[in-house]
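> can you look at this prediction? I've put the sequence above it.
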Amino acid sequence: MPAAPLPAPARPAGPDPGALRACMSRFPTGVTVVTFGDDEGAPRGATMNSFTSVSADPPLILVSVARRARCHRQLPGRPFCVNILGAEQEPLARLFAGAGEGTEPHWAAGARVPRLANPLAWIECAPWRCYEGGDHTLVLGRVTGLGHRDGDALTYAWSRFGTAAEATEGVEHLI
């Protein structure tokens, strides 16, 4: 007599979303404003800290866009730019997060994709792929242009903005 199949293991309950956010807030990140053109070509942007490099060949980056974010409907499938903010650009981070007032963004002249003027670093991307990721969409872009300047970086940890001082020596000399 064949053995009866075993029941599927019970899936453990996930953590409370607030507890997960509190735990993840202990991981310091840089702060970016992802910019793009809307249906009429007007520049738009959103503050995001869920951003990473994915591949060097082909050159790919990823941003994670909350489904409840205003830009969720517009960003996937469009060229975009990841603007990595310098420490002095906290007002821009607040503005594009919907919590800033009195700050007017300045846009880079001649950029192929709407880009902030003078970010610490910028990465222009063509749309590559999108993936479902729970309550987010993972947007991958193929890097088409980039640039950077010297300066301290804007960071986010413990649900607060901070600063990472520019390193005097990095690993670039090893590469």
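Structure received. Numbers count the residues shown, from 1 in each chain.
> now for residue 114, how many residues are close by?
If you count neighbours by other Cβ atoms under 10 Å, residue 114 ends up with 22. Yep, even glycine has a C-beta here, placed from its N, CA and C like the rest.
> likewise residue 27?
Each residue near residue 27 was counted by other Cβ under 10 Å, and the total is 10.
> and what of residue 152?
Counted with other Cβ under 10 Å, residues neighbouring residue 152 total 14.
> excluding chain neighbours, what is closest to it?
Nearest-residue entry for residue 152: residue 87, 3.9 Å, with adjacent residues in sequence omitted and distances by Cβ to Cβ, 6 or more residues apart in numbering.
> how about the strands in the chain?
With strands called from DSSP state E, the chain shows them at 29-30, 32-37, 43-48, 51-56, 59-66, 80-84, 121-133, 136-148, 153-157, 160-164.
> and the fifth one with strand 43-48, angle?
Here the directions of strand 59-66 and strand 43-48 differ by 80 degrees (axes from the mean of the first three to the mean of the last three Cα atoms, to 10 degrees).
> off-centre distance for strand 59-66?
Relative to the chain's own centre, strand 59-66 is displaced by 6 Å; criterion: Cα atoms, centre = their mean, to the nearest Å.
> the last one now?
Averaged C-alpha coordinates place strand 160-164 at 16 Å from its chain's average position (Cα atoms, centre = their mean).
> same deal with the shortest one?
Averaging C-alpha coordinates over strand 29-30 and over its chain gives two centres that are 9 Å apart (Cα atoms, centre = their mean).
> swap in the second one?
Between the mean C-alpha location of strand 32-37 and the chain-wide mean there is a distance of 9 Å, by Cα atoms, centre = their mean.
> using CSV, write out every CA atom in it.
Below are the C-alpha coordinates for strand 32-37, written out as CSV (Å, rounded to 0.1, in the frame of the first residue of the first chain):
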residue,chain,number,x,y,z
THR,A,32,18.2,58.9,-4.6
VAL,A,33,15.6,60.8,-6.6
VAL,A,34,14.5,58.8,-9.6
THR,A,35,13.5,61.2,-12.4
PHE,A,36,11.6,60.7,-15.6
GLY,A,37,9.4,62.5,-18.1
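> hmm, back to that, any idea which of the strands of the chain is most buried?
strand 80-84 (a mean of 26; mean count of other Cβ atoms under 10 Å).
> out of the strands of the chain, nearest to residue 20?
Nearest to residue 20 among the strands of the chain is strand 136-148; the distance by Cβ to Cβ comes to 12.7 Å.
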